[in-house]
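1. Give me coordinates for this.
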Amino acid sequence: MKEKKESYFWASYADLMTSLFFVMLVLFVLTIALLHKRMVQIETERQATQEEIDKIKEVQKAIENIDKKYFDYRSEYKKHILKISVRFNSGSSDMNNISLPTKEELKEAGKSIENFIEENSEEGIQYLLIIEGQASRDLYSRNYELSYERALALKRFWELNGVHFGNNCEVLLSGSGDGKLSGTDVMRDQNERVNQRFLIHIVPKHGEIQTKKK
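-> Prediction:
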């Protein structure tokens, strides 16, 4: 009787171990399958991200070479100087005080930005356009407000002349004043009169980039 009970015990034990083995085997195969699926997903995401990075670099390179007739790119600051010589009256942001030839150049410069953004938005890239006004260092007490007002005047001038940057471009206006405050004295010319100018910063942003399907 004792031998019969031991036989049942070992038979049941063997069945239990066999069942556990198959459970562990199924879990192992399932784990490998899930890991493989996740690895494929990670690799796909990595390739898509790399394509986005490559596209951003391509656009950034094109930005650096935007119409050199009107823009001078400074790589150390990642900004363009609008090369058009603007001569506001002291303490003024009134575009009516600027000569007609200068206004025509400003309009054409705005058009070149507009055309660039339009031509380079097909892949879903979005842009941040910063129009930065500057002011010459003098005795005027509102140079920081004045520099912003000049940037605003330029944006309004462009709009009045049909220059629009589209839905893929966010426009920010800023003023760096006369550089007397810390952190605002970069990209300034030694000739203070020249500092009555505009700086343009075009930044490509990650949009909904269409990557090639494989």
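2. Number of residues surrounding the closest residue to residue 89 other than its chain neighbours?
-> Among residues not flanking residue 89 along the chain, residue 97 sits closest, at 5.0 Å (C-beta to C-beta, 6 or more residues apart in numbering). Using the backbone N, CA and C atoms, a C-beta is placed for each residue, glycine as well. When neighbours are counted by other C-beta atoms under 10 Å, residue 97 registers 11.
3. Residue 97 contacts residue 91, doesn't it?
-> No - counting by C-beta atoms under 8 Å, residue 97 stays clear of residue 91, with 11.0 Å between them.
4. Can you classify residue 106 by secondary structure?
-> helix (DSSP: H, G, I helix; E, B strand; the rest coil).
5. What is the distance between the helix or strand where residue 151 lies and the centre of its chain?
-> Using DSSP states H and E, residue 151 falls within helix 143-160. Distance of helix 143-160 from the chain centroid (C-alpha atoms, centre = their mean, to the nearest Å) equals 23 Å.
6. helices or strands next to it in the packing?
-> Under the contact definition 3 or more C-beta pairs under 8 Å, 6 or more residues apart in numbering; DSSP states H and E, helix 143-160 sits against helix 100-119, strand 126-133, strand 169-175, strand 198-205.
7. show me where pLDDT drops low in this structure?
-> 1-11, 13, 43-50, 52, 55-56, 59, 62, 122-124, 206-214 (pLDDT under 70).
8. Domains in it, by residue range?
-> 1-64, 69-205 (automatic domain parsing).
9. right, so those: which one is the most enclosed?
-> domain 69-205 (a mean of 17; mean count of other C-beta atoms under 10 Å).
10. Now do the end-to-end distance for it.
-> One end of domain 69-205 sits 25 Å from the other (C-alpha to C-alpha, to the nearest Å).
11. and what of stretch 92-105?
-> Where stretch 92-105 begins and where it ends lie 20 Å apart, using C-alpha to C-alpha.
12. ok, now which ones touch the closest residue to residue 127 other than its chain neighbours?
-> Distances taken as C-beta to C-beta, 6+ apart put residue 169 closest to residue 127, at 4.4 Å, once the chain neighbours are dropped. Contact analysis of residue 169 by C-beta atoms under 8 Å, 6 or more residues apart in numbering lists 117, 126-129.
13. got these as JSON lines, with distance to residue 196 columns?
-> Output for the contacts of residue 169, formatted as JSON lines (distance: C-beta to C-beta, whole Å):
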{"residue": "117", "distance to residue 196": "26"}
{"residue": "126", "distance to residue 196": "31"}
{"residue": "127", "distance to residue 196": "26"}
{"residue": "128", "distance to residue 196": "24"}
{"residue": "129", "distance to residue 196": "21"}
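14. Do I have it right that residue 150 meets residue 131?
-> No - using C-beta under 8 Å, residue 150 is not in contact with residue 131; the gap is 9.2 Å.
15. Need the residues touching each of the two.
-> residue 198.
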